[in-house]
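[1] Provided below for reference: sequence and predicted model.
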Amino acid sequence: MRILVTGASGFVGSLLVGHLLSEGHAVRALGRDPARVSAALQETSPDDATEVEVFRGDALSGDGLARALAHVDVAYYLIHSMERGLPARGSFAEREELAARSFAAASARADVARIVYLGGPLPRDRAASPHLASREAVARILLEAVPASVALRASIVIGARSRSFRLLVRLVERLPVLALPAWRSFRTQPIDERDVIELLTAAATATAVAGHSLDVGGPDVLTYEEMISRIAELMLVRRAVLGLGVNMTPIAARVVAAIAAEDPELIVALMESLQGDLLMSDDHAAKLLGVELHSFDSAVEHALRMWEQSEPLAAR
(Lines give C-alpha, C1' and ligand atoms only; values in the text may rest on other atoms or scores of the structure.)
Protein backbone atom coordinates (compact mmCIF):
# COMPACT_ATOMS: atom_id res chain seq x y z
CA MET A 1 0.00 0.00 0.00
CA ARG A 2 1.21 3.54 -0.80
CA ILE A 3 1.03 5.73 2.28
CA LEU A 4 1.77 9.39 2.98
CA VAL A 5 2.65 10.47 6.52
CA THR A 6 2.36 14.16 7.33
CA GLY A 7 4.01 15.46 10.48
CA ALA A 8 6.75 12.89 9.93
CA SER A 9 9.33 14.96 11.80
CA GLY A 10 7.17 14.83 14.91
CA PHE A 11 7.08 12.38 17.78
CA VAL A 12 4.30 10.09 16.53
CA GLY A 13 4.92 10.56 12.82
CA SER A 14 8.57 9.56 12.85
CA LEU A 15 7.81 6.39 14.84
CA LEU A 16 4.88 5.54 12.58
CA VAL A 17 6.97 5.75 9.42
CA GLY A 18 9.36 3.06 10.64
CA HIS A 19 6.51 0.80 11.71
CA LEU A 20 4.71 1.16 8.38
CA LEU A 21 7.91 0.28 6.54
CA SER A 22 8.31 -2.83 8.68
CA GLU A 23 4.78 -3.83 7.64
CA GLY A 24 5.80 -3.71 4.00
CA HIS A 25 4.16 -0.45 2.93
CA ALA A 26 5.68 2.08 0.53
CA VAL A 27 5.94 5.26 2.58
CA ARG A 28 6.23 8.92 1.70
CA ALA A 29 6.78 11.69 4.25
CA LEU A 30 5.64 15.29 3.97
CA GLY A 31 7.13 18.27 5.77
CA ARG A 32 7.83 21.98 5.41
CA ASP A 33 11.52 21.23 5.97
CA PRO A 34 12.63 17.96 4.32
CA ALA A 35 15.99 18.07 6.10
CA ARG A 36 14.22 18.10 9.47
CA VAL A 37 12.05 15.17 8.40
CA SER A 38 15.08 13.17 7.24
CA ALA A 39 16.90 13.89 10.51
CA ALA A 40 13.93 12.70 12.59
CA LEU A 41 13.61 9.52 10.54
CA GLN A 42 17.34 8.89 10.81
CA GLU A 43 17.01 9.12 14.60
CA THR A 44 14.00 6.81 14.96
CA SER A 45 14.50 4.41 12.01
CA PRO A 46 18.13 4.65 10.85
CA ASP A 47 17.99 1.37 8.94
CA ASP A 48 14.90 2.40 6.96
CA ALA A 49 15.28 6.17 6.55
CA THR A 50 16.63 5.94 3.02
CA GLU A 51 13.57 3.97 1.88
CA VAL A 52 11.26 6.93 2.52
CA GLU A 53 10.40 9.50 -0.17
CA VAL A 54 10.46 12.89 1.52
CA PHE A 55 8.34 15.66 -0.05
CA ARG A 56 8.37 19.35 0.72
CA GLY A 57 4.88 20.68 1.41
CA ASP A 58 2.79 22.95 3.58
CA ALA A 59 -0.81 22.14 4.52
CA LEU A 60 -1.49 25.77 5.49
CA SER A 61 -0.68 27.10 2.02
CA GLY A 62 -1.40 23.92 0.09
CA ASP A 63 2.00 24.03 -1.57
CA GLY A 64 3.32 20.61 -2.58
CA LEU A 65 0.24 18.64 -1.50
CA ALA A 66 -0.86 17.51 -4.97
CA ARG A 67 2.54 16.04 -5.77
CA ALA A 68 2.89 14.31 -2.39
CA LEU A 69 -0.62 12.81 -2.53
CA ALA A 70 -0.44 11.54 -6.12
CA HIS A 71 -1.21 7.79 -6.27
CA VAL A 72 -1.44 7.54 -2.47
CA ASP A 73 -3.90 5.03 -0.96
CA VAL A 74 -3.87 6.23 2.66
CA ALA A 75 -2.72 9.53 4.14
CA TYR A 76 -1.96 10.14 7.82
CA TYR A 77 -2.80 13.60 9.06
CA LEU A 78 -0.54 14.20 12.07
CA ILE A 79 -0.20 17.94 11.74
CA HIS A 80 -0.70 20.07 14.83
CA SER A 81 -0.76 23.83 14.40
CA MET A 82 0.94 24.42 17.74
CA GLU A 83 4.15 22.81 16.60
CA ARG A 84 7.20 25.01 17.00
CA GLY A 85 8.34 26.89 13.94
CA LEU A 86 4.94 27.27 12.27
CA PRO A 87 4.29 30.68 10.73
CA ALA A 88 1.84 32.76 12.78
CA ARG A 89 -1.21 32.94 10.52
CA GLY A 90 -4.15 33.78 12.76
CA SER A 91 -5.18 31.95 15.91
CA PHE A 92 -4.49 28.31 16.65
CA ALA A 93 -8.05 27.32 15.70
CA GLU A 94 -7.86 29.29 12.46
CA ARG A 95 -4.58 27.64 11.50
CA GLU A 96 -5.98 24.21 12.36
CA GLU A 97 -9.06 24.72 10.19
CA LEU A 98 -7.15 26.21 7.27
CA ALA A 99 -4.61 23.38 7.20
CA ALA A 100 -7.27 20.68 7.57
CA ARG A 101 -9.45 22.08 4.79
CA SER A 102 -6.46 22.43 2.50
CA PHE A 103 -5.30 18.87 3.11
CA ALA A 104 -8.82 17.41 2.94
CA ALA A 105 -9.52 19.04 -0.41
CA ALA A 106 -6.18 17.93 -1.85
CA SER A 107 -6.77 14.36 -0.63
CA ALA A 108 -10.25 14.25 -2.19
CA ARG A 109 -8.89 15.52 -5.51
CA ALA A 110 -6.16 12.85 -5.40
CA ASP A 111 -8.74 10.09 -4.75
CA VAL A 112 -7.09 9.08 -1.47
CA ALA A 113 -9.13 6.19 -0.08
CA ARG A 114 -8.65 7.05 3.61
CA ILE A 115 -7.19 9.71 5.88
CA VAL A 116 -6.15 8.58 9.37
CA TYR A 117 -6.09 11.36 11.94
CA LEU A 118 -4.88 11.50 15.54
CA GLY A 119 -6.73 14.08 17.61
CA GLY A 120 -7.68 14.69 21.22
CA PRO A 121 -10.42 13.39 23.54
CA LEU A 122 -13.78 15.05 24.13
CA PRO A 123 -15.23 15.60 27.61
CA ARG A 124 -18.47 13.76 28.35
CA ASP A 125 -20.08 16.24 30.75
CA ARG A 126 -19.15 19.72 29.54
CA ALA A 127 -18.23 21.77 26.51
CA ALA A 128 -14.81 21.10 25.04
CA SER A 129 -12.02 23.62 25.57
CA PRO A 130 -11.07 25.72 22.52
CA HIS A 131 -8.08 23.43 21.95
CA LEU A 132 -10.06 20.17 22.03
CA ALA A 133 -12.96 21.69 20.09
CA SER A 134 -10.54 22.67 17.35
CA ARG A 135 -9.07 19.17 17.19
CA GLU A 136 -12.57 17.71 16.83
CA ALA A 137 -13.39 20.23 14.09
CA VAL A 138 -10.37 18.96 12.16
CA ALA A 139 -11.68 15.40 12.44
CA ARG A 140 -15.05 16.45 11.00
CA ILE A 141 -13.41 18.27 8.09
CA LEU A 142 -11.29 15.24 7.15
CA LEU A 143 -14.13 12.71 7.46
CA GLU A 144 -16.49 14.85 5.40
CA ALA A 145 -13.98 15.15 2.57
CA VAL A 146 -12.97 11.46 2.52
CA PRO A 147 -15.86 9.48 4.09
CA ALA A 148 -13.90 6.24 4.74
CA SER A 149 -11.43 8.11 6.94
CA VAL A 150 -10.73 7.33 10.61
CA ALA A 151 -10.12 9.68 13.53
CA LEU A 152 -8.53 8.40 16.72
CA ARG A 153 -8.86 10.52 19.87
CA ALA A 154 -6.05 10.06 22.41
CA SER A 155 -5.30 11.70 25.73
CA ILE A 156 -1.68 11.86 26.94
CA VAL A 157 0.67 9.69 24.89
CA ILE A 158 3.51 8.28 26.98
CA GLY A 159 6.73 8.33 25.00
CA ALA A 160 10.27 9.65 25.20
CA ARG A 161 9.58 12.42 22.66
CA SER A 162 5.99 13.19 23.69
CA ARG A 163 5.82 16.85 24.71
CA SER A 164 3.09 16.13 27.27
CA PHE A 165 5.08 13.34 28.90
CA ARG A 166 8.32 15.32 28.79
CA LEU A 167 6.54 18.18 30.52
CA LEU A 168 5.55 15.91 33.41
CA VAL A 169 9.05 14.46 33.66
CA ARG A 170 10.63 17.93 33.70
CA LEU A 171 8.35 18.99 36.54
CA VAL A 172 9.32 15.92 38.54
CA GLU A 173 13.00 16.59 37.79
CA ARG A 174 13.05 20.27 38.58
CA LEU A 175 10.58 20.78 41.43
CA PRO A 176 11.43 19.41 44.90
CA VAL A 177 7.79 20.03 45.88
CA LEU A 178 5.07 19.50 43.28
CA ALA A 179 2.44 22.23 43.76
CA LEU A 180 -0.48 20.85 41.76
CA PRO A 181 -3.61 22.93 41.00
CA ALA A 182 -7.16 21.65 41.45
CA TRP A 183 -7.02 19.73 38.16
CA ARG A 184 -4.79 17.18 39.89
CA SER A 185 -7.90 15.19 40.85
CA PHE A 186 -9.27 14.87 37.33
CA ARG A 187 -8.90 11.50 35.63
CA THR A 188 -7.62 10.45 32.22
CA GLN A 189 -6.30 7.37 30.40
CA PRO A 190 -2.70 7.86 29.21
CA ILE A 191 -1.62 5.53 26.44
CA ASP A 192 1.72 3.95 25.50
CA GLU A 193 3.35 5.26 22.31
CA ARG A 194 3.73 1.66 21.12
CA ASP A 195 -0.03 1.17 21.34
CA VAL A 196 -0.74 4.41 19.48
CA ILE A 197 1.54 3.32 16.64
CA GLU A 198 -0.13 -0.11 16.46
CA LEU A 199 -3.59 1.47 16.48
CA LEU A 200 -2.69 3.99 13.78
CA THR A 201 -1.16 1.28 11.61
CA ALA A 202 -4.19 -0.98 11.91
CA ALA A 203 -6.54 1.94 11.20
CA ALA A 204 -5.14 2.25 7.68
CA THR A 205 -6.73 -1.01 6.53
CA ALA A 206 -9.42 -2.08 9.01
CA THR A 207 -12.81 -1.95 7.29
CA ALA A 208 -14.78 -1.98 10.57
CA VAL A 209 -13.57 1.50 11.56
CA ALA A 210 -14.18 3.31 8.25
CA GLY A 211 -15.95 6.62 8.76
CA HIS A 212 -15.64 6.57 12.56
CA SER A 213 -14.10 8.67 15.32
CA LEU A 214 -12.84 6.41 18.09
CA ASP A 215 -11.47 7.04 21.57
CA VAL A 216 -8.14 5.39 22.32
CA GLY A 217 -6.60 5.20 25.77
CA GLY A 218 -4.60 2.93 28.01
CA PRO A 219 -6.14 0.39 30.39
CA ASP A 220 -5.38 2.43 33.53
CA VAL A 221 -7.64 5.27 34.71
CA LEU A 222 -5.50 7.70 36.71
CA THR A 223 -5.79 11.16 38.18
CA TYR A 224 -3.11 13.60 37.12
CA GLU A 225 -1.71 13.50 40.66
CA GLU A 226 -1.51 9.69 40.53
CA MET A 227 0.13 9.87 37.14
CA ILE A 228 2.79 12.35 38.24
CA SER A 229 3.43 10.43 41.47
CA ARG A 230 3.89 7.18 39.56
CA ILE A 231 6.33 8.86 37.17
CA ALA A 232 8.36 10.09 40.16
CA GLU A 233 8.40 6.62 41.71
CA LEU A 234 9.50 5.01 38.45
CA MET A 235 12.23 7.64 38.15
CA LEU A 236 13.34 6.57 41.65
CA VAL A 237 12.92 10.03 43.18
CA ARG A 238 10.81 11.28 46.06
CA ARG A 239 8.61 14.31 45.56
CA ALA A 240 6.17 15.82 48.02
CA VAL A 241 2.84 16.95 46.56
CA LEU A 242 1.17 20.18 47.64
CA GLY A 243 -2.47 20.35 46.55
CA LEU A 244 -3.85 23.76 45.64
CA GLY A 245 -7.55 24.57 45.78
CA VAL A 246 -7.67 26.56 42.55
CA ASN A 247 -6.41 26.16 38.98
CA MET A 248 -5.03 29.66 38.16
CA THR A 249 -4.51 28.43 34.60
CA PRO A 250 -3.13 31.61 32.94
CA ILE A 251 -0.51 32.08 35.66
CA ALA A 252 0.22 28.41 36.40
CA ALA A 253 0.61 27.55 32.73
CA ARG A 254 3.26 30.19 32.19
CA VAL A 255 5.13 29.16 35.33
CA VAL A 256 5.07 25.52 34.18
CA ALA A 257 6.21 26.51 30.69
CA ALA A 258 9.18 28.40 32.15
CA ILE A 259 10.16 25.50 34.42
CA ALA A 260 9.92 22.95 31.60
CA ALA A 261 11.31 25.25 28.87
CA GLU A 262 8.14 24.76 26.84
CA ASP A 263 5.98 26.96 24.62
CA PRO A 264 3.57 28.93 26.87
CA GLU A 265 0.84 28.92 24.18
CA LEU A 266 0.85 25.12 24.15
CA ILE A 267 0.79 24.80 27.95
CA VAL A 268 -2.06 27.31 28.30
CA ALA A 269 -4.09 25.37 25.72
CA LEU A 270 -3.41 22.05 27.43
CA MET A 271 -4.25 23.34 30.91
CA GLU A 272 -7.46 24.99 29.66
CA SER A 273 -8.56 21.46 28.73
CA LEU A 274 -8.15 20.30 32.34
CA GLN A 275 -11.63 21.21 33.55
CA GLY A 276 -12.77 17.68 34.41
CA ASP A 277 -12.23 14.03 33.53
CA LEU A 278 -11.05 13.13 30.00
CA LEU A 279 -11.94 9.46 29.67
CA MET A 280 -12.73 7.14 26.81
CA SER A 281 -16.41 6.67 26.03
CA ASP A 282 -15.71 2.97 25.35
CA ASP A 283 -12.87 0.54 24.60
CA HIS A 284 -14.04 -0.49 21.13
CA ALA A 285 -11.02 0.85 19.24
CA ALA A 286 -8.43 -1.52 20.68
CA LYS A 287 -10.77 -4.48 20.17
CA LEU A 288 -11.72 -3.51 16.62
CA LEU A 289 -8.10 -2.92 15.68
CA GLY A 290 -6.70 -5.96 17.50
CA VAL A 291 -4.25 -4.13 19.76
CA GLU A 292 -3.35 -5.35 23.26
CA LEU A 293 -2.66 -2.34 25.46
CA HIS A 294 0.31 -1.81 27.79
CA SER A 295 -0.13 -0.70 31.40
CA PHE A 296 0.79 2.82 32.48
CA ASP A 297 3.84 1.63 34.42
CA SER A 298 5.06 -0.35 31.42
CA ALA A 299 4.57 2.70 29.19
CA VAL A 300 6.54 4.97 31.53
CA GLU A 301 9.37 2.47 32.00
CA HIS A 302 9.68 2.08 28.22
CA ALA A 303 9.62 5.86 27.67
CA LEU A 304 12.27 6.54 30.32
CA ARG A 305 14.46 3.79 28.92
CA MET A 306 14.24 5.25 25.40
CA TRP A 307 14.82 8.78 26.77
CA GLU A 308 18.05 7.75 28.51
CA GLN A 309 19.43 6.25 25.32
CA SER A 310 19.90 9.77 23.94
CA GLU A 311 19.74 12.09 26.94
CA PRO A 312 20.50 11.67 30.64
CA LEU A 313 17.76 12.31 33.15
CA ALA A 314 19.00 14.77 35.75
CA ALA A 315 16.76 13.29 38.44
CA ARG A 316 18.52 9.95 38.13
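    In hand now; what should we look at? Only a predicted model underlies this, so the values are computations on that prediction, with no experimental measurement involved.

[2] a strand runs through residue 166, doesn't it?
    No: going by DSSP: H, G, I helix; E, B strand; the rest coil, the assignment for residue 166 is helix, not a strand.

[3] wait, doesn't it sit right on residue 260?
    Yes: with contact defined as Cβ atoms under 8 Å, residue 166 counts as touching residue 260 (7.4 Å). C-beta: built from backbone N, CA, C; applies to glycine.

[4] Wait, a helix at residue 60?
    No: under three-state DSSP, residue 60 falls outside any helix and is assigned coil.

[5] Give me the contacts around the helix ranked longest in the chain.
    Counting residues, the longest helix found in the chain (DSSP state H) is helix 92-109. Identification of contacts with helix 92-109 by Cβ atoms under 8 Å, 6 or more residues apart in numbering yields 6, 59-62, 65-66, 69, 75, 77, 79, 81-82, 86, 89-90, 115, 130-131, 133-135, 137-138, 141-142, 144-146, 265, 269.

[6] All the strands of this structure, residue numbers only.
    2-6, 26-31, 53-56, 74-77, 114-119, 150-154, 157-158, 177-180, 187-188, 191-192, 213-216, 222-223, 240-243 (DSSP state E).

[7] average pLDDT for the last one?
    Read it as strand 240-243. For strand 240-243, the mean pLDDT works out to 86.

[8] list the contacts for residue 166?
    Each residue near residue 166 by Cβ under 8 Å, 6+ apart is listed here: 160, 260.

[9] quick one: it and residue 224, what's the gap?
    Per Cβ to Cβ, to the nearest Å, residue 166 is found 15 Å from residue 224.

[10] cool, and residue 200?
    Taking Cβ to Cβ, one finds residue 200 at 25 Å from residue 224.

[11] who's more crowded, these two?
    Taking neighbours as other Cβ atoms under 10 Å, residue 200 and residue 224 compare with residue 200 leading, 27 against 20.

[12] my guess is the more buried one contacts residue 12, does it?
    Yes: between residue 200 and residue 12 there is a contact under Cβ under 8 Å: 7.4 Å.

[13] Could you tell me which residues touch both of those two?
    residue 118.

[14] where does the stretch 151-300 of the chain have low pLDDT?
    247-248 (pLDDT under 70).

[15] run the last query once more with 50
    Under the criterion pLDDT under 50, no range of the stretch 151-300 of the chain is flagged.

[16] same check, this time on the stretch 1-150 of the chain
    In the stretch 1-150 of the chain (pLDDT under 50), the answer is 84-87.

[17] now do 70
    Per-residue confidence for the stretch 1-150 of the chain (pLDDT under 70) gives these ranges: 81-90.

[18] residues contacting residue 74?
    Residue 74 makes contacts with 1, 2, 3, 4, 112, 113, 114, 115, 116, 204, 205, as judged by Cβ under 8 Å, 6+ apart.

[19] Enumerate every residue touching the residue lying closest to residue 33 once chain neighbours are set aside.
    Excluding its sequence neighbours, the residue lying closest to residue 33 (Cβ to Cβ, 6 or more residues apart in numbering) is residue 9, at 7.3 Å. For residue 9, the contact set (Cβ under 8 Å, 6+ apart) comprises 31, 33, 36, 37, 39, 40.

[20] Name all residues that make contact with residue 302.
    Contact analysis of residue 302 by Cβ under 8 Å, 6+ apart lists 158, 192, 193, 194, 294.

[21] Please, a PyMOL command that selects the buried ones among those residues?
    Applied in PyMOL, the following selects the buried portion of these according to 16 or more other Cβ atoms under 10 Å:
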select buried, resi 158+192+193+194+294
